[in-house]
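Asks: A structural model of the following input is requested.
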Amino acid sequence: MIISRAHQIIQNHISVQEKILQDDVLLATLEGVVQVGIQTFQQDGKILFCGNGGSAADAQHIAAELSGRFYINRPPLFAEALHVNSSFFTAVCNDYSFEDVYARAVEAMGKTGDTLFCISTSGNSENVIRAAKKGRDLGMTVVGMTGESGGKLKAYCDHLLNIPSTDTPRIQEGHILLGHIICELVEEALFFARS
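Replies: Residues are numbered from 1 along each chain as shown. Below you'll find the model as predicted:
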């Protein structure tokens, strides 16, 4: 029973990855997002990430690949997940609201020329949507990472990487795949000639 369920889950994972591979619109969007990442760092900008729960973990994971290293030993890039300062996060949640916590962080740290990744499997996380709105107001490029529909978040994104699934774990697996592709290709473009 366990083995058959594991096979089914793995097959569902593969099915979503195959849909990504066959989605020309999504792949073209991915190419555009890679170019945005390259340009952001070339122009001395930074990339900020936000999300809740597993999406917060993905935000931190992808930011770490950029700010640390992916494959190449190279200078660090300015990339950060907005929830990692727990004192700021809890103070804003307490003094303002959970819905405003990421927007306030974006207002403090973001500027024109920076990029904001807003990660939400449903696309309907209010604090992530408010962050996207604030990012747009500041002239940042906003990249959404969502599930199939894009939810309410899609209206505030310059680029939408919407994984073709409605199943949260499969969406998150797709987000990490695309996140790793972005990190690898941005790093290659910026540093390969020097490595």
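Asks: element containing residue 44?
Replies: Residue 44 is part of no helix or strand, with elements assigned from DSSP states H and E.
Asks: State the distance from it to residue 164.
Replies: Here residue 44 is placed at a distance of 35 Å from residue 164 (C-beta to C-beta, to the nearest Å). For every residue, glycine as well, the C-beta is placed using N, CA and C.
Asks: So those two - more neighbours on which side?
Replies: Higher neighbour count among residue 44 and residue 164: residue 164, with 18 against 9, using other C-beta atoms under 10 Å.
Asks: Could I get the contacting residues of that one?
Replies: Contact analysis of residue 164 by C-beta atoms under 8 Å, 6 or more residues apart in numbering lists 16, 19-20, 23, 26, 148, 174.
Asks: Could you report the distance from it to residue 180?
Replies: Distance, residue 164 to residue 180, using C-beta to C-beta: 18 Å.
Asks: Equivalent analysis for residue 64, please.
Replies: Using C-beta to C-beta, we find residue 64 at a distance of 12 Å from residue 180.
Asks: One more: residue 114?
Replies: 21 Å.
Asks: These two: who's more crowded?
Replies: The residue with more neighbours, out of residue 114 and residue 180, is residue 114; 21 against 14, by other C-beta under 10 Å.
Asks: ok, and what's touching the helix ranked longest in the chain?
Replies: Criterion DSSP state H: the longest helix present in the chain is helix 168-191. Contacting residues not belonging to helix 168-191 are listed as 12-13, 16-17, 20, 30, 33-34, 37-38, 41-42, 54-55, 58, 61-62, 65-66, 69-72, 74-75, 77, 119, 121, 145-148, 161, 163-165 [C-beta under 8 Å, 6+ apart].
Asks: the helices in this structure, which residues?
Replies: Taking DSSP H to define them, one finds helices in the chain at 2-22, 24-42, 54-67, 86-95, 101-109, 126-137, 168-191.
Asks: What residues are bridge-paired with the most centrally placed residue in the chain?
Replies: Centroid-nearest residue in the chain, with C-alpha atoms, centre = their mean: residue 117, separated by 4.1 Å. According to DSSP bridges, the residues that bridge with residue 117 are residue 49, residue 143.
Asks: The closest residue to residue 99 other than its chain neighbours and residue 43: what is the separation?
Replies: Using C-beta to C-beta, 6 or more residues apart in numbering and skipping the chain neighbours, the partner closest in space to residue 99 is residue 126 (4.7 Å). Using C-beta to C-beta, we find residue 126 at a distance of 31 Å from residue 43.
Asks: With residue 117 instead?
Replies: 17 Å.
Asks: Pull out the buried positions in the longest helix of the chain.
Replies: 170-175, 178-179, 181-183, 185-191 (16 or more other C-beta atoms under 10 Å).
Asks: Appreciated, that's everything.
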